[in-house]
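Participant: Would you be able to build a 3D model of this:
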Amino acid sequence: MSMPFVKMHGCGNDFIVLRESDLIAPDATLPSDPAHWRAEPAALARRICDRHFGIGADGILVYGPRPPQADVPRLRMYYWNADGSRAEMCGNGARCVIRLAHDRAETASPLVLETDAGTHAARFIPGRELGSLPSVEIDMGAPEWSGASLPQSPPGAAQRLGVGARDLDVHAVSMGNPHAIVLVADQSALAAIPLADWGRQLSEHPAFPAGANASFVAASDGALHLRVWERGAGATLACGTATCAAYAIASRAGRIGGGRIPVHVPGGSVEVWEDADGHLWLAGPAEYVARGEIAAELWSGKPAAG
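Facilitator: Modelled structure (predicted):
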């Protein structure tokens with residue numbers, strides 16, 4: 001039995017999107033526990049995200065509607081990286097889920113998205129503001145400057161960490177998931193970063209007990225430029241939570257002013273701003289790539305009957 005999927009991307013950060021109802025038994029009720037789905041999600045992510053033997057993606061997203069509260073629609077989103085590790089939140093993935101559910105008339109706007117990192121208010125913007133493509137604006141929450149997943153250092157202060165033979169000044173912040181941010185002088189310095197080396201080592205640094213998304217950030221002309229090594233996925237063309245983490249650090253360091261700030265990543269551009277409650281909002285596109293069905297032997301890990 002095959003499984004329907006949609007492939008989407010947010011600024012080149014690409015995902016396989018699955019309905020929760022396609023992963024549970026027909027007689028099961030929501031909310032469901034991923035441990036009881038008919039495909040183990042970590043193993044499923046590793047198989048279908050493989051760019052040679054699977055469909056290829058940075059991760060898988062699973063979503064399903066939840067009962068509305070105070071007449072506001074709600075969606076639940078789960079995310080697994082390509083290596084099978086579960087992540088608390090994914091900003092680019094969240095936009096993809098919201099657009100898909102909206103297009104399928106499974107939700108309305110505004111709405112609330114439930115994630116492992118908490119709940120997030122969001123709005124669907126039908127083809128305006130950021131160009132002709134529909135976009136999504138989502139409340140990513142307030143930056144967290146301390147916690148079990150971050151180094152035990154003064155909140156927001158740079159900590160010198162050894163990365164290979166070099167010491168880097170690293171800022172730590174959580175946007176529901178841990179981030180290691182390195183501010184660099186300019187775009188030339190950013191381009192010269194050996195991302196596969198420094199990014200991987202920083203992402204796996206012992207100072208971050210749960211690992212981290214490692215980002216290198218340059219500020220120029222009122223905008224931020226970002227390269228990121230994602231925990232569990234490697235170098236990606238974009239990372240929504242990393243753009244917010246970069247905004248938080250650059251703002252605190254005086255590298256940018258207030259208001260909506262463009263953040264440029266290798267796969268495109270988004271906008272980040274802070275609201276009156278200190279929450280960071282992320283706005284950007286979510287685009288379709290393909291629709292299809294995952295063969296049973298891929299999603300189940302077992303050869304199909306002849």
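
Participant: tell me which element the closest residue in space to residue 284 that isn't next to it in sequence falls in.
Facilitator: With Cβ to Cβ, 6 or more residues apart in numbering as the measure, residue 270 is the residue that lies nearest to residue 284, at 3.5 Å, once sequence neighbours are left out. C-beta: built from backbone N, CA, C; applies to glycine. Here residue 270, judged by DSSP states H and E, is contained in strand 268-274.

Participant: now could you export just the CA positions of that strand as PDB?
Facilitator: Extracted in PDB, the C-alpha atoms of strand 268-274 (Å, rounded to 0.1, in the frame of the first residue of the first chain):
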ATOM      1  CA  GLY A 268      16.300  33.000  -0.900                       C
ATOM      2  CA  SER A 269      15.100  35.700   1.500                       C
ATOM      3  CA  VAL A 270      12.700  36.000   4.400                       C
ATOM      4  CA  GLU A 271      11.800  38.800   6.800                       C
ATOM      5  CA  VAL A 272      12.100  38.800  10.600                       C
ATOM      6  CA  TRP A 273      10.800  41.400  13.100                       C
ATOM      7  CA  GLU A 274      10.000  41.700  16.800                       C
END
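
Participant: and the following helix or strand past that strand, which strands flank it?
Facilitator: Taking DSSP H and E as the definition, the helix or strand that follows strand 268-274 towards the C-terminus is strand 280-285. Strand 280-285 sits in its sheet next to strand 135-139 (antiparallel), strand 268-274 (antiparallel), going by DSSP bridges.

Participant: Residue 223 is in contact with residue 243, correct?
Facilitator: No - at 11.2 Å, residue 243 does not count as touching residue 223 under the criterion of Cβ atoms under 8 Å.

Participant: and the two? which has more neighbours close in?
Facilitator: It is residue 243, of residue 243 and residue 223, that has more neighbours when counted by other Cβ atoms under 10 Å, with 32 against 14.

Participant: Ramachandran angles for the more buried one?
Facilitator: Summarising the backbone geometry of residue 243 under the convention degrees, to the nearest 10, its torsions are phi -60, psi -40.

Participant: quick one: it from residue 135, how far?
Facilitator: Look at residue 243 and residue 135: by Cβ to Cβ, to the nearest Å, they are 14 Å apart.

Participant: Repeat that for residue 181.
Facilitator: When distance is defined by Cβ to Cβ, residue 181 is 25 Å away from residue 135.

Participant: same thing with residue 298?
Facilitator: Using Cβ to Cβ, one gets 32 Å for the distance from residue 298 to residue 135.
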